[in-house]
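> Give me a model of this one.
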Amino acid sequence: MNSDTDGRNVNGEPGSSRAASPEGADRPISVQGLPASAARAGSVSRRGLIGLAAAAAAGSPLLFRGGARDRAEAEPALPSAGRLRQGVCRWPFDGIPLPEFAALCKRLGFGAIDLLHADEWPVAAQHGLVCSTGYPARRGDFIARGFNDRTSHGLLLNELEQTIPLAKQAGVRNIITMFGNRGDRTEREGIDACIDGLRRIAPLAEEQGVNVILEMLNSKVDHKGYQADSTRFGVEVVSGVGSSRVRLLYDIYHMQVMEGDVIRTIRENHEWFAHYHTAGNPGRNELDAAQELQYPAIMKAIADTGFDGWIAHEFIPTKPPATGLAQARDICTV
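Now for the predicted structure:
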């Protein structure tokens, strides 16, 4: 996810829509083509999902932020499936209308789109894809307002209680929520508040078979003020909750910025990781030779843990989308 004020406005990291500033931080993006009622948390009913998805698909076209849309671009041949399931996060490519983006992901051999709102899940399904992680709400403060704030527990729990049953019905494996910005809280206060709040949602998540996942973000570059900026913080929270359905999203880019030692961290803490995100560092761009992370070795380490979830690519493109995504797909096929 990215700036302190984005709503993961869809990882922007969660909220509505996510975009990146020149520094690499996300800023809120308006949701195109949806009725105003769809922007309110909890306003989407099961019956309304298909209609809202159609409304989203009818929105006016947007330009890909890195240049012209690559609709006619030649796409490399598909590799063998490998040991890991791969998908793509929506927000870095939200200049492409969702139906076209879903078709592109399908052509490139991906199985999922990550970070979609409930009214967008049917669009992925119509293209033979799943939503690997869903948002519970559209809020401009989605990242900043999290379970470390006891006064926000009522709001956050209500969002999750409404969305988790929809996720089960739609086959959405994960629903994301956030730890929140630090404010004047000590680390101990933040951890304890998260544990207390998340214990209240764990029984529903277990009953429905849906993971509630929380993400550690870097507070050095993209999310200044975010409290859960280390693996240690996240693991202490979810281990304190003690539920197999309350786990972590390990973002390789964010944790490389904050602590490095990625492979050892995965090997020692993989039981708490339900989902992974990728991007190159520095820059949060493609997984190419211009960045420092050794993704083939990292993917092998993840596969060796027996991981059966999704790896979602969350880089900000500097090349035509199909080029960068096919490269990421091939690099991460182990």
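
> The stretch 101-250 of the chain: helices as residue ranges?
Listed in chain order, the helices of the stretch 101-250 of the chain (DSSP state H, counting those that start in this stretch) span 121-126, 153-170, 187-208, 231-241.

> just so I know, which of those helices lies nearest residue 279?
helix 231-241 (16.9 Å; C-beta to C-beta). All C-beta spots, glycine's among them, are computed from the backbone N, C-alpha and C.

> For that closest one, C-alpha coordinates in CSV please.
Coordinates of each C-alpha in helix 231-241 appear next as CSV, following Å, rounded to 0.1, in the frame of the first residue of the first chain:
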residue,chain,number,x,y,z
THR,A,231,7.5,-8.3,10.6
ARG,A,232,7.9,-8.5,14.4
PHE,A,233,5.0,-6.2,15.0
GLY,A,234,2.7,-8.1,12.7
VAL,A,235,3.7,-11.5,14.0
GLU,A,236,3.2,-10.4,17.6
VAL,A,237,-0.4,-9.3,16.8
VAL,A,238,-1.5,-12.4,14.9
SER,A,239,0.2,-14.8,17.2
GLY,A,240,-1.6,-13.0,20.1
VAL,A,241,-5.0,-13.4,18.3
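
> Tell me the helices and strands packed up against that helix.
helix 187-208, strand 211-215, strand 246-251, helix 262-269 (3 or more C-beta pairs under 8 Å, 6 or more residues apart in numbering; DSSP states H and E).

> can you pull the buried residues of the shortest one?
Right, strand 211-215. Buried positions in strand 211-215, judged by neighbour count with 16 or more other C-beta atoms under 10 Å: 211-215.

> Show me what it pairs with in its sheet, parallel or antiparallel.
Under the criterion DSSP bridges, strand 211-215 sits next to strand 174-177 (parallel), strand 246-251 (parallel) in its sheet.

> same for the helix or strand following the longest one, what does it pack against?
Just to be clear, that refers to strand 246-251. Using DSSP states H and E, the helix or strand that follows strand 246-251 in sequence is helix 252-258. Applying 3+ C-beta pairs under 8 Å, 6+ apart, we find helix 252-258 packed against helix 262-269, strand 273-278.

> Kindly recompute the last result at 10 Å.
Contact here means 3 or more C-beta pairs under 10 Å, 6 or more residues apart in numbering; DSSP states H and E; on that basis helix 252-258 packs against helix 231-241, helix 262-269, strand 273-278, helix 295-304.

> Could you tell me how far that helix lies from the centre of the chain?
Centroid displacement of helix 252-258 relative to its chain, using C-alpha atoms, centre = their mean, to the nearest Å, is 15 Å.

> what do you get for stretch 89-104?
Its chain's C-alpha centre and that of stretch 89-104 lie 14 Å apart, by C-alpha atoms, centre = their mean.

> Tell me the buried residues in stretch 184-197?
Using 16+ other C-beta under 10 Å as the test for burial, stretch 184-197 gives 185, 189-195, 197.

> next one: stretch 264-274
Neighbour-count burial for stretch 264-274 flags 265-266, 269-270, 272-274 (criterion: 16+ other C-beta under 10 Å).

> got a list of contacts for it?
The contact list for stretch 264-274 (C-beta atoms under 10 Å, 6 or more residues apart in numbering) reads 133, 173-174, 211-214, 230-232, 234-239, 244-250, 252, 255-256, 259, 261, 276, 298, 301-302, 304-310.

> how long is it end to end?
Terminal residues of stretch 264-274 are spaced 17 Å apart (C-alpha to C-alpha, to the nearest Å).

> any idea how far residue 118 is from residue 94?
As judged by C-beta to C-beta, to the nearest Å, residue 94 and residue 118 stand 17 Å apart.

> So the two - more neighbours on which side?
Higher neighbour count among residue 94 and residue 118: residue 118, with 29 against 23, using other C-beta atoms under 10 Å.

> isn't that one right next to residue 124, touching?
No: using C-beta atoms under 10 Å, residue 118 is not in contact with residue 124, being 11.3 Å away.

> okay, and the helix or strand of this structure with the least pLDDT?
Between all helices and strands in the chain, the lowest mean by mean pLDDT, DSSP states H and E belongs to strand 26-28, at a mean of 34.

> isn't residue 235 right up against residue 248?
Yes: look at residue 235 against residue 248 with C-beta under 10 Å: they come within range, at 7.2 Å.

> Quick check: pLDDT value at residue 30.
With respect to pLDDT, residue 30 scores 33.

> Also residue 81?
74.

> which residues touch residue 310?
For residue 310, the contacting residues are 84-87, 110-112, 114, 130-133, 173-174, 274-277, by C-beta under 10 Å, 6+ apart.
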